[in-house]
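Asks: Give me the fold of what follows.
(one chain, ligands or ions: 1)
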Amino acid sequence: MDVTLIKVHGSENDFFILDQTKLAHRLSEAELKQATQQVTDRKSGLAGGADGVLYVDDSSHPQVSGKMRVINADGSEASMCGNGIRTVARYLSEQKQQTDFKIETMYADLNVKQAADLAPEVKTFQAEISPVSFQATDLGMHVADLTELHHVKLPALSKSLFFTAVAVPNPHLISFVDHATLLGPELGRIAGYLNDGQNPYFPDGVNVSFVEVLGQNHIFVRTFERGVGFTNACGTGMSAASLIYVLEQGGDFEQLITVRNPGGMVKTLVHQTDTGYWMELIGNATFVGTATLSLDDLLAGNFSQTKFKVSDEQPAYQAFVNNLK
Ligand SMILES: N[C@H](CCC[C@H](N)C(=O)O)C(=O)O
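Replies: Numbers count the residues shown, from 1 in each chain. Have a look, this model is predicted:
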């Protein structure tokens, strides 16, 4: 059985899209994990590897155009991927000739829509990021007897930093830092510990982001992702950071927030309802190239004979990034 993989990225947080509806039969859970670990490997994987694989399927929910499952590079499954859902939205938009529709994810059917291009030839989509929860039970967090973590010091992690934890719905730990700390070793040290599988605070791991405020409604987010490590950007991390920026650091509800990241830039909007919060994440959905190979080769990690057909989109994205101030 042949499989087609599309290499995509949102802010250079890169993935392969695998549309299971095109297969003769669905992959087993073990095959999903093995295929992901093989194809994403930065040394031996396909086309330089990736941060994860986005598996697309039909949704059984009414008025929902498709379903997305997120498997991290280490084979663990996540409930959501903000950069990834924008690329899946573009894929489904082109498959189904729709521009405003819903995608089923683990905990919610999320609204997605095509947005005005952020720059010439930079295809742009926006996605609803929700549900949002501060509950320790939704975060897989065990910090003393705290049920929520809002701007608190955790001496076991750092003598000086303050942390807020939020699920969107995947788990995020957010800390606002100065420029030197943003770029320094602390993020890797703290996140490496919280994702070691042994620590008592986040036994299942957590995405950790350091955030620097650059100006009003202008932040920089650097993330160490659960199941991956450092990535060029984390869509749910940037959305979570935007929410905490509004709640704790003077950001504005309902105003576009410019979020810089090592891979580029996205825009976010933070909304408040009478029951809580939700965000919108607006950013590129770049298709880098495609490859078709046998499932056996994918599962075995045999990519040496695989033809990867590069698209013409990356130069436009690079020009967009080069023009960012
Ligand atoms: N590593 C994340 C999933 C991918 C999220 C990130 N790539 C994004 O764009 O939101 C987790 O395990 O929760």
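Asks: what are the ranges of the helices in the stretch 101-250 of the chain?
Replies: According to DSSP state H, counting those that start in this stretch, the stretch 101-250 of the chain carries its helices in the segments 136-139, 179-183, 186-194, 235-248.
Asks: does the last one come close to the ligand?
Replies: Yes - with C-beta under 6 Å from any ligand atom as the criterion, the ligand is reached by helix 235-248 at 235, 236. From N, CA and C alone the C-beta is placed, and that goes for glycine too.
Asks: other SSEs contacting the helix or strand that that helix is followed by?
Replies: Following helix 235-248 in sequence order, the next helix or strand is strand 257-261 (DSSP states H and E). Packing partners of strand 257-261 (3 or more C-beta pairs under 8 Å, 6 or more residues apart in numbering; DSSP states H and E): strand 218-225, helix 235-248, strand 264-273.
Asks: now for the ones you listed, which one comes closest to residue 169?
Replies: helix 235-248 (8.5 Å; C-beta to C-beta).
Asks: tell me how far that closest one is from the chain's mean position?
Replies: 13 Å (C-alpha atoms, centre = their mean, to the nearest Å).
Asks: Could you tell me which residues of the chain lie near the ligand?
Replies: 13, 51, 70, 72, 78, 81-84, 170, 207, 225-228, 234-236.
Asks: Which members of those residues occur in strands, if any?
Replies: Of those, the ones assigned to strands by DSSP state E are 13, 70, 72, 78, 207, 225.
Asks: out of these, which is most surrounded?
Replies: Neighbour counts for these (other C-beta atoms under 10 Å) peak at residue 13, which has 31 neighbours.
Asks: Return the residues in contact with it.
Replies: 51, 83, 84, 231, 232, 233, 234, 235, 263 (C-beta atoms under 8 Å, 6 or more residues apart in numbering).
Asks: Give me whichever of the helices and strands packed on strand 257-261 is most buried.
Replies: helix 235-248 (a mean of 27; mean count of other C-beta atoms under 10 Å).
Asks: which residues does residue 212 bridge with?
Replies: residue 220 (DSSP bridges).
Asks: For residue 177, see how far away it is.
Replies: To residue 177, residue 212 is 6 Å away according to C-beta to C-beta, to the nearest Å.
Asks: cool, and residue 276?
Replies: Where residue 177 is concerned, residue 276 sits at a distance of 26 Å (C-beta to C-beta).
Asks: Residue 224 now?
Replies: 13 Å.
Asks: same deal with residue 73?
Replies: Taking C-beta to C-beta, one finds residue 73 at 26 Å from residue 177.
Asks: The helix or strand containing residue 282 pairs with which strands, parallel or anti?
Replies: Using DSSP H and E, residue 282 sits within strand 276-284. Take DSSP bridges as the rule and strand 276-284 pairs in its sheet with strand 122-129 (antiparallel), strand 264-273 (antiparallel).
Asks: mind giving me a markdown table with these and columns for distance to residue 100?
Replies: Below are those laid out as a markdown table (distance: least, C-beta to C-beta, whole Å):
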| stretch | distance to residue 100 |
| --- | --- |
| strand 122-129 | 10 |
| strand 264-273 | 16 |
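Asks: With mean pLDDT as added columns, please give those in TSV.
Replies: Output for these, formatted as TSV (pLDDT from 0 to 100):
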stretch	mean pLDDT
strand 122-129	98
strand 264-273	98
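Asks: Quick check: which of these is nearest to residue 300?
Replies: strand 122-129 (33.0 Å).
Asks: Excluding chain neighbours, what is closest to residue 317?
Replies: residue 286 (5.0 Å; C-beta to C-beta, 6 or more residues apart in numbering).
Asks: okay, the one you found: pLDDT?
Replies: What the model reports for residue 286 is a pLDDT of 98.
Asks: Likewise for residue 112?
Replies: 99.
Asks: Quick one: residues contacting it.
Replies: With C-beta under 8 Å, 6+ apart, residue 112 has these contacts: 85, 86, 88, 89, 100, 101, 102, 103, 125, 126, 127, 128.
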